[in-house]
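**Student:** fold the stuff below for me.
(chains A and B)
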Amino acid sequence: ILNVEQSPQSLHVQEGDSTNFTCSFPSSNFYALHWYRWETAKSPEALFVMTLNGDEKKKGRISATLNTKEGYSYLYIKGSQPEDSATYLCAYNTGGFKTIFGAGTRLFVKA
Amino acid sequence: DTAVSQTPKYLVTQMGNDKSIKCEQNLGHDTMYWYKQDSKKFLKIMFSYNNKELIINETVPNRFSPKSPDKAHLNLHINSLELGDSAVYFCASSQDRGDFPYEQYFGPGTRLTVT
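**Tutor:** Reported below is the predicted structural model:
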């Protein structure tokens, strides 16, 4: 059974705060790690896909790192804004087309 | 233009009925998926088709049957609906690059309520 765990489950920050959350996944048979952003009443949208140990990706104020040997990825948001409020999902892929999603970290950014 | 569309957006029906949810993508992707968002908000894979061929079939009751008439469409038929089938169902697609998919593009979801 493949488990993807995300922590914390939810996070409340003030506008301007920087924050980060964690995705843990099995380190064996790793192929790809995805991060998605899911706003309420919308569909998940892809942020990053990472495949190599040590990968770092950045999109605006959001960045992510990957450690495949120990099985974790961090997502960082610099200077959080209210529009960053969403659920951030990570998803793990071992090859083939099956992707295992975590339960997500729900971020609330207060103005 | 909507990349991945699903119809209907809401579906309310009685137990025992048969219903279908349609999904279409205009991205030219090779692979399409159906996910069920469970009560704990997890997205659980149900089925995946690659170039109209079934490649993932998770432990789903055989009352659920996917049908892919072409690469751009993946429909979900559900027979003899049960209360436990109530959930939000998401369709997604991705481009096949090598032997694993890149990012998935999700539809808006269909909220199914069985009464």
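
**Student:** what's the burial count for residue 19?
**Tutor:** This is for chain A. Residue A:19: 19 surrounding residues under other Cβ atoms under 10 Å in any protein chain shown. All C-beta spots, glycine's among them, are computed from the backbone N, C-alpha and C.

**Student:** other chain: chain B
**Tutor:** 17.

**Student:** close to chain A: what parts of chain B are there?
**Tutor:** B:4, B:31, B:33, B:40-45, B:48, B:50, B:55-56, B:90, B:94, B:99-109 (Cβ under 8 Å from any Cβ of the partner chain).

**Student:** and the residues you listed, which of them are in strands?
**Tutor:** Residues of these located in strands (DSSP state E): B:4, B:31, B:33, B:43-45, B:48, B:50, B:55-56, B:90, B:94, B:100-101, B:105-106.

**Student:** show me just the buried residues among those.
**Tutor:** Neighbour-count burial (16 or more other Cβ atoms under 10 Å in any protein chain shown) applied to these gives B:4, B:31, B:33, B:43-45, B:48, B:50, B:56, B:90, B:94, B:100-101, B:105-106.

**Student:** tell me which residues in stretch B:16-24 are buried?
**Tutor:** Applying a neighbour-count criterion of 16+ other Cβ under 10 Å, one finds B:19, B:21, B:22, B:23, B:24 buried in stretch B:16-24.

**Student:** where does pLDDT dip in chain A?
**Tutor:** Across chain A, residues meeting the criterion (pLDDT under 70) sit at A:1-2.

**Student:** taking it, what residue is nearest to chain B?
**Tutor:** residue A:46 (3.3 Å; Cβ to the nearest Cβ).

**Student:** quick one: name the residues of chain A near chain B.
**Tutor:** Counting by Cβ under 8 Å from any Cβ, chain A sits next to chain B at A:31-32, A:34, A:36, A:42-46, A:49, A:87, A:89, A:93, A:95-101, A:103-104.

**Student:** hmm, try it at 7 Å
**Tutor:** By the rule Cβ under 7 Å from any Cβ of the partner chain, the part of chain A lying against chain B is A:31-32, A:34, A:43-44, A:46, A:49, A:93, A:95-99, A:101, A:103-104.
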